[in-house]
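Give me coordinates for this.
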Amino acid sequence: MKINKKTKLSEIINDKNKRKILEEFDFPCLFCPHMAEEIEKLEIGFVCESYGINEEELIKKLNEK
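Below is the predicted model:
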């Protein structure tokens with residue numbers, strides 16, 4: 001599966017390797033109590049833009065694993 005900025009968090013959150021990468025980027029949704037309610041709607045690009053995360057670098061690393 002090729003990850004892009006429209007990829008929903010729910011599509012990758014259970015993959016241990018990808019979750020580790022999200023943690024490396026301090027992806028805030030991993031620690032948010034509201035994640036369970038929003039996981040189906042949250043797109044990686046939206047979260048990156050909202051929190052100043054380097055979207056291109058994150059997506060590149062996620063696609064390497």
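
Which residue, other than its chain neighbours, is closest to the most centrally placed residue in the chain?
Centroid-nearest residue in the chain, with Cα atoms, centre = their mean: Ile44, separated by 4.6 Å. Once flanking residues are discounted, Ile44 sits nearest to Thr7: 5.1 Å by Cβ to Cβ, 6 or more residues apart in numbering. The C-beta positions use only the backbone N, C-alpha and C, and glycine is treated the same way.

so the one you found sits right up against Val47, yeah?
No - Thr7 lies out of contact with Val47 (Cβ atoms under 8 Å); the separation is 10.6 Å.

which of these two has more neighbours?
Per other Cβ atoms under 10 Å, whichever of Thr7 and Val47 has more neighbours is Val47, with 21 against 18.

show me what contacts that one?
Contacts for Val47 (Cβ atoms under 8 Å, 6 or more residues apart in numbering) come out as 9, 27-29, 53.

Among the residues you listed, which are located in strands?
Here DSSP state E is the test, and the contacts of Val47 give no hits in strands at all.

pLDDT, neighbour count and distance to Glu64 added to those residues, as a markdown table?
Listed next are the contacts of Val47 as a markdown table, based on pLDDT from 0 to 100; neighbours: other Cβ atoms under 10 Å; distance: Cβ to Cβ, whole Å:
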| residue | pLDDT | neighbour count | distance to Glu64 |
| --- | --- | --- | --- |
| Leu9 | 90 | 20 | 18 |
| Phe27 | 87 | 20 | 16 |
| Pro28 | 83 | 13 | 22 |
| Cys29 | 76 | 17 | 21 |
| Ile53 | 95 | 17 | 17 |
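
now the helices for the chain?
For the chain, applying DSSP state H gives helices covering 16-24, 35-38, 44-51, 55-64.

Now do the second one, average pLDDT.
The predicted model gives helix 35-38 an average pLDDT of 76.

Centre of the chain to it, how far?
13 Å (Cα atoms, centre = their mean, to the nearest Å).

follow-up on the earlier one: state the distance from the residue nearest to Ile44 to Cys48.
Applying Cβ to Cβ, to the nearest Å, the value for Thr7 to Cys48 is 11 Å.
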